[in-house]
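I'd like to go over a predicted model; first the sequence, then the structure.
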Amino acid sequence: NAGVTQTPKFQVLKTGQSMTLQCAQDMNHNSMYWYRQDPGMGLRLIYYSASEGTTDKGEVPNGYNVSRLNKREFSLRLESAAPSQTSVYFCASSEYPQPGEGYTFGSGTRLTVV
Amino acid sequence: AQSVTQLGSHVSVSEGALVLLRCNYSSSVPPYLFWYVQYPNQGLQLLLKYTSAATLVKGINGFEAEFKKSETSFHLTKPSAHMSDAAEYFCAVSSSIYNQGGKLIFGQGTELSVKP
């Protein structure tokens, strides 16, 4: 059972470069989420996809775009990376519309923008 | 709107001592509440959840939490700390209302250290 798989695990970018973080889940979950984790700030929601074909902004969407490619995959794109986007990024999924189930998390992508 | 406040960014206990990690929430609708644990360089793992059934919830690794509506709290406890409990712990809240996306709002996290 792979659960939620994120790639890459580590990445260093130069300011202004672009990249896409990939996320795939094999649990047939409907909803997927992208969070960023910064010290002392917990996890903050960037974007989410309640179901295939829909995406919505979360708490901190500026500088990011997402694509729900199909039910399994949800990618996060940084068009022009900035040092403020240095963070650990987590993808998660859940069996919507059952909000009480909580999330299954990937192992994270550690991104450094220099 | 919903929010979570975790009191204390760092908590240190001795091995065998009581673990108490505090979480207070704010929610305009009946909440669902969660505790997650994160070990170094790993993702988050669900410890336990409250979904409006029993107010005392038991989770994995001997942890439990009690939902107290009057105090808007959901504190996490473990009677006897073990060295392997050293990790960061996150409290989270979501709406219990269907069709509100199931989004989880996280607290800032509490890092638990366990001294031998």
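All right, it came through fine. Numbering: from 1, shown residues only, chains lettered A, B, ... in the order given.

Between the two ends of stretch A:47-58, how far is it?
5 Å (Cα to Cα, to the nearest Å).

Distance of the most centrally placed residue in chain B relative to B:A87?
Note on chain B: the residue nearest the mean C-alpha position is B:W35, at 3.1 Å, using Cα atoms, centre = their mean. In this view, B:W35 and B:A87 are 11 Å apart by Cβ to Cβ, to the nearest Å. All C-beta atoms are positioned from the backbone trio N, CA, C, and that covers glycine.

Please apply the same query to A:V88.
In terms of Cβ to Cβ, A:V88 sits 15 Å off from B:A87.

The two - which one has more neighbours?
B:A87 (20 against 17; other Cβ atoms under 10 Å in any protein chain shown).

any idea how far B:K78 is from the more buried one?
From B:A87 to B:K78 the distance is 12 Å (Cβ to Cβ).

ends of stretch B:107-116, how far apart?
End residues of stretch B:107-116 are separated by 28 Å (Cα to Cα).

how about A:K14, what does it touch?
Contact analysis of A:K14 by Cβ atoms under 8 Å, 6 or more residues apart in numbering or on different chains lists A:81, A:113-114.

please redo it, this time with the cut-off set to 7 Å
A:V114 (Cβ atoms under 7 Å, 6 or more residues apart in numbering or on different chains).

how close does it sit to chain B?
24 Å (Cβ to the nearest Cβ, to the nearest Å).

Do you know the pLDDT at that residue?
As summarised for this prediction, A:K14 has a pLDDT of 97.

Alongside chain B, which residues does chain A contribute?
By Cβ under 7 Å from any Cβ of the partner chain, the residues of chain A that approach chain B are A:31, A:40-43, A:45, A:48, A:50, A:90, A:94, A:96-97, A:99-100, A:102-103, A:105-108.

mind showing which ranges of chain A have poor pLDDT?
Low-confidence segments of chain A (pLDDT under 70): A:1, A:96-99.
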